[in-house]
Structure formats: C-alpha cells, structure tokens
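> Curious how this folds, go ahead:
(one chain, ligands or ions: 1)
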Amino acid sequence: MLTIYNTLTRTKQPFKPLHEGRVGMYVCGPTVYGDGHLGHARPAITFDILFRYLKHLGYKVRYVRNITDVGHLEHDADEGEDKIAKKARLEQLEPMEVVQHYLTRYHKAMEALGVLPPSIEPHASGHIIEQIEYIKKILDAGYAYVSEGSVYFDVPKFNAEHPYGKLSGRNVDELLSTTRALDGQSEKRNPADFALWKKAAPEHIMHWPSPWSEGFPGWHLECSTMSEKYLGETFDIHGGGMDLMFPHHECEIAQSVAHNGHDSVRYWMHNNMITINGKKMGKSLGNFITLDEFFNGTHPLLEQPYSPMTIRFFILQAHYRGTVDFSNEALQASEKALARMLEGYRRLRELKPSDKSTIDVAGIREKCYEAMDDDLNTPVLIAHLFDALRLVNSVKDGKATATQEDIDTLRDIFDTFLVDILGIRTEITDAADPEALAPFEGAVDLVLEMRSKAKADKDWATSDLIRDRLAALGFTIKDTKEGAEWSLAK
Ligand code: ZN
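Model (predicted):
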C-alpha cells in the first residue's frame, strides 16, 4: 500500500483517496517569466512520478498544475514591480505575449524532461471572476478588510480562531510581533496580513475591474480558487516545493478555511530544494543555470551538455525530500549510470531463453513496489533495477541462464518501473538532440533510396522487404511522386 509523507502531520501515512478509485491532486506550477531553470524541473519531475505511479496503481487521477500569469513577483505578491509588465513595457509586447513565450519554452523543457502534461493547466488570468467571488466570501465571513482599494486577509483575527502557521511550523505570535517593527506600509492593519486583491498602480499593465478597485488578485489566492474549482472543497493531494510552504501554502490554508470553514487538503507533499556545488541557486551567485543551458552545455560552470534524461535520472537518484546537489562530477556519474541502464535495457531484448534457470528473479518486482510504496523512494527503486540489470548482464554474458519466464519477468520489471513509472525514455539516441539524430535520419533516407532503386529495377521482393522491415520498426512509409517519405511513430 502506498504511504506518503504528509508535511502537515509530519508522518508517513497510508494513502487513501477521498473517493474510491479517483485521486485529485494540485501542484503549484511555474510563474511564467524568466527562463525555466532547475528549480522548475524538480517539483515537475517529483509530482510527475506521483502522477505516473497513481495511474499505474489504477487510479483515475485529475492532476491540476496552475500557471501563474497575472504578473506579480515570484514570492511576494504585495510589493515591487510586476515582472511580466516590466518586460512587456521594455520590449513593447502585449503581456500575454510574454506569458506565451515563456510558457511555450517551459512546456518544451518539460516534454524534453519526460514530464507528462497535467490533466488541467489553469491560468490565474483566466480565473479572475472566480477569484473575486472567493474574496467576497472571505470578506462576508469577516476574515478580510478593504483598505485603499486593496483587500487584505486579517491574519491576527484568523489566528485567534485557527492555528495559522501549522504547516510550516512557524511561531505566529513571534511572526506577528517581529514583522510589525519592520513594516512601513500603512494600508495593512498588521504586517503579517496578506493581499487578496491589490489596487493596481498607474504603471501596472495587467489589471482587472473589481468591486474594490481596478487591480489584480494576490498570488496565494489563485491556488485556493482554482484547486476548489477543479477538485472540489476537499481534495487529496497538494504538492509543491518546500520554499512554497511559507507563506504561500500557509496562506492557501487560511484562505480555504476562511472560505469553507474547513481545510481543503488531505495530504500536503513538498519536494526539497536543489543546490549547485553546495550553494543555493541564485542570479547574484552566478550559478543560476537554465534548463536550456544544461541541455546545450553553454553555462560557464558546465563542462559539457547534459541530456534531459540525464537530468531526470539524476534528480530521481535522490529521494524527493532530500536535497540534490548539482555538480559536473555528479552529473557525469549519472550519465554513465543511465547509459549502463539503457544498454542493459537493450541487451534484455536479446536474451536467449534456456530450459533451466540459474538466476533468481522472484521478489524483484515486489521489492520495486515496496520502494515506490515507501513515499516514492526512487533511489531504492533504481538500486533494485541495477540488481536486475546485473542478472541481465550475467545471462547475456553466458555466466548464467534464464528461462523464458524469467526473461518475461525481467522485461516486465523494466517496462513497468524504468519506462512507465520513472518515465525514462529508452531510445539509444536522445530525441531532444537533433544533432545526435542526424546520422540515423540519414541512414533511413539511404535505406529508402535503396528501396527506390530496387523498385526501379523491378526487384519487388527487396522493395517489399525494406518496407515491411521499416514498418515493423515503427516507421510509416508514404510513397509520393518525388520518392518515399517516412515518419516515426512516437
Ligand atoms: Zn500555489
């Protein structure tokens, strides 16, 4: 049975969905400005594994991952200049052009990393009406107040009745008293209060009408609103990076409780952070490496390019609740390990069965399930796959024998856990690297040229043989007046 670590209770709990056979999960998605970086890759991959595993277990999963595109700052919706608007102003673009540009790049990077698209990807900007209605209800419940055209959540009032800070374990009394001294804003009754609606400054491009002002919603609000819209007042899993626990998720809890009178989320899950050479990633530290830079090897800190699958495999070699430290050394070790795994996967297809078996494959599959059931323990799962790989290699090298049944079991283990659940693409060449593909494409063209020649020579047997063999490999061949065209089904 799947057990997952619930950040709220700080315990591992058996996972039981609210509705039998169905799971609702919500993960905080990207803020679409700036280039996709490793910080985006880790939550996407972590919750992709959960999504894949739940589906493998037979659940019907509705996975909602939002797009933050109403143009506020990454971690503080209340202050500073709107970055999407700033870029739009500087480059004379419509703000939605900026959003679309980054979103397209983000999707491309996610696809390269083998991250499945979520079931629903709602945009904050597409849910302004719902957010306004949500604020009205919090105001009616008495947990918010209007000030100078903005609406703020009343944290001290809420905290008097419900524990604010229970997810992150913050001491709220301390928070309420220490932040007071630092604050210079007069609009809020208490500095810990956060914006539900913010009146737009004149230079702010992205704004919408509301009963309180022409403005925009606070960042925390979109997740409470859109999770409820698509998953209901109570849903199973809410995920995100650890850095979102406070204030973002704490604010989401406060909003939902104020709005509905109860918590929305049954299991909170958080992935740990990524460091680079032992340091936190940051623009000022010069170690801010985008995903494209990893794939192309263009950042000065990188000794070589790293394929998206190497990055994925490397991230999965650590448990999602542990930190991951990126270094050239560690990535190169992962690249080698992945290559060995893929070579083993290929050799598995070539194993010849014997009447007698000298290997013991029994129990490997169960061990793999045990690892996944233990709070998605992917490093342990990968270790079991390497054990299985040693068996494959010993049979292939003639040091051991395996029956057809053993071989089928091994194939099933790799297809299930390596391909379906870990989401590792097993093509020998990486589809994300057109340069690596070029010689193979050239070879297919050459084979088709030889087929044309065979046809011209009326050598139908050869021509048909080539067509049939290519089709068996997954190629679709289309004869045209100019010759033959081919495509490869994914
Ligand atoms: Zn969120």
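
> CA atoms for contacts and neighbours, from now on please.
Will do.

> What strand or helix carries the residue of the stretch 101-250 of the chain found nearest the ion?
Residue of the stretch 101-250 of the chain nearest the ion, by CA to the ion: Cys223 (4.6 Å). For Cys223, the host element (DSSP states H and E) is helix 219-231.

> Contact residues of the chain facing the ion?
Cys28, Cys223 (CA under 5 Å from the ion).

> Please identify the longest helix in the chain, counting by residues.
helix 434-456 (DSSP state H).

> What is whatever helix or strand comes next after that one packed up against?
Taking DSSP H and E as the definition, the helix or strand that follows helix 434-456 towards the C-terminus is helix 460-472. Under the contact criterion of 3 or more CA pairs under 8 Å, 6 or more residues apart in numbering; DSSP states H and E, helix 460-472 touches helix 434-456, strand 475-480.

> Tabulate the ones you listed in TSV, adding columns for distance to Trp268 and mean pLDDT.
Shown next, in TSV, are the helices and strands packed on helix 460-472 (distance: least, CA to CA, whole Å; pLDDT from 0 to 100):
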stretch	distance to Trp268	mean pLDDT
helix 434-456	39	83
strand 475-480	44	80
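
> got TSV for those, with distance to Gly24 too?
Below are those laid out as TSV (distance: least, CA to CA, whole Å):
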stretch	distance to Gly24
helix 434-456	37
strand 475-480	38
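
> Take the ones you listed and write them to TSV, including mean neighbour count.
Formatted as TSV, the helices and strands packed on helix 460-472 follow (neighbours: other CA atoms under 10 Å):
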stretch	mean neighbour count
helix 434-456	14
strand 475-480	13
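
> how about those, which one is nearest Ala141?
Ala141 lies closest to helix 434-456 among those, at 56.9 Å (CA to CA).

> With just CA atoms, put that closest one into PDB.
What follows is helix 434-456, C-alpha atoms only, in PDB (Å, rounded to 0.1, in the frame of the first residue of the first chain):
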ATOM      1  CA  PRO A 434      18.700  16.800 -33.300                       C
ATOM      2  CA  GLU A 435      22.500  16.600 -33.900                       C
ATOM      3  CA  ALA A 436      22.600  13.100 -32.400                       C
ATOM      4  CA  LEU A 437      19.700  12.100 -34.500                       C
ATOM      5  CA  ALA A 438      21.000  13.400 -37.900                       C
ATOM      6  CA  PRO A 439      23.100  10.300 -38.800                       C
ATOM      7  CA  PHE A 440      20.200   7.900 -38.000                       C
ATOM      8  CA  GLU A 441      17.900  10.000 -40.200                       C
ATOM      9  CA  GLY A 442      20.500   9.900 -42.900                       C
ATOM     10  CA  ALA A 443      20.600   6.100 -42.600                       C
ATOM     11  CA  VAL A 444      16.800   5.800 -43.000                       C
ATOM     12  CA  ASP A 445      17.000   8.100 -46.100                       C
ATOM     13  CA  LEU A 446      19.700   5.900 -47.500                       C
ATOM     14  CA  VAL A 447      17.700   2.700 -47.000                       C
ATOM     15  CA  LEU A 448      14.700   4.300 -48.700                       C
ATOM     16  CA  GLU A 449      16.900   5.400 -51.600                       C
ATOM     17  CA  MET A 450      18.000   1.700 -52.000                       C
ATOM     18  CA  ARG A 451      14.300   0.700 -52.000                       C
ATOM     19  CA  SER A 452      13.600   3.200 -54.800                       C
ATOM     20  CA  LYS A 453      16.400   1.700 -56.700                       C
ATOM     21  CA  ALA A 454      15.100  -1.800 -56.200                       C
ATOM     22  CA  LYS A 455      11.700  -0.600 -57.400                       C
ATOM     23  CA  ALA A 456      13.200   1.000 -60.500                       C
END
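
> of all of the stretch 1-150 of the chain, which residue lies closest to the ion?
Counting by CA to the ion, the stretch 1-150 of the chain gets nearest the ion through Cys28, at 4.0 Å.

> Once you drop chain neighbours, what's closest to that residue?
Gly240 (5.4 Å; CA to CA, 6 or more residues apart in numbering).

> Just the element for that neighbour, please.
Element membership of Gly240, judged by DSSP H and E, is strand 235-241.

> Need the residues that contact that strand.
17-18, 23-29, 43, 47, 264-273 (CA atoms under 8 Å, 6 or more residues apart in numbering).

> ok, it: who's next to it in the sheet?
strand 22-27 (parallel), strand 265-271 (parallel) (DSSP bridges).

> What angle do helix 219-231 and it make with each other?
140 degrees (axes from the mean of the first three to the mean of the last three CA atoms, to 10 degrees).

> how far is strand 235-241 from where the chain is centred?
Centre-to-centre, strand 235-241 and its host chain are 12 Å apart (CA atoms, centre = their mean, to the nearest Å).

> what's the answer for stretch 348-361, then?
For stretch 348-361, the distance to the chain centre is 37 Å (CA atoms, centre = their mean).

> and Thr7, which of the strands paired with strand 235-241 is closest to it?
Closest among these, using CA to CA: strand 265-271, at 5.3 Å.

> Identify all contacting residues around that closest one.
Taking CA under 8 Å, 6+ apart as the rule, strand 265-271 contacts 5-8, 42-43, 46, 234-242, 245, 320-322.

> do stretch 410-430 as well
Under CA under 8 Å, 6+ apart, the answer for stretch 410-430 is 49, 52-53, 56, 114-115, 307, 309, 312-313, 316, 342, 345, 348-349, 361, 365, 368, 378, 385, 388, 392, 436-437.

> tell me the mean pLDDT over that stretch?
For stretch 410-430, the mean per-residue pLDDT is 88.

> Just the buried residues of it, please?
For stretch 410-430, burial by neighbour count (16 or more other CA atoms under 10 Å) applies to 410-411, 413-418, 420-426, 430.

> Could you do stretch 396-403 as well?
Neighbour-count burial for stretch 396-403 [16+ other CA under 10 Å]: Lys396, Ala400, Thr401, Ala402, Thr403.

> Then stretch 247-267?
Applying 16+ other CA under 10 Å to stretch 247-267 flags 247-259, 263-267 as buried.

> and what of stretch 263-279?
Buried residues in stretch 263-279 (16+ other CA under 10 Å): 263-277.

> I'd like the distance from the helix holding Cys223 to the chain centre, please.
For helix 219-231, the distance to the chain centre is 18 Å (CA atoms, centre = their mean).

> how long is stretch 351-358 end to end?
14 Å (CA to CA, to the nearest Å).

> Ser354 and Gly483, how far apart?
Applying CA to CA to Ser354 and Gly483 gives a distance of 45 Å.

> scratch that, Ser224
In terms of CA to CA, Ser224 sits 57 Å off from Gly483.

> Those two - which one has more neighbours?
Neighbours were tallied for Ser224 and for Gly483 using other CA atoms under 10 Å; the higher tally belongs to Ser224 (23 against 11).

> The more buried one touches Glu252, doesn't it?
Yes - using CA atoms under 8 Å, Ser224 makes contact with Glu252 at a distance of 5.5 Å.
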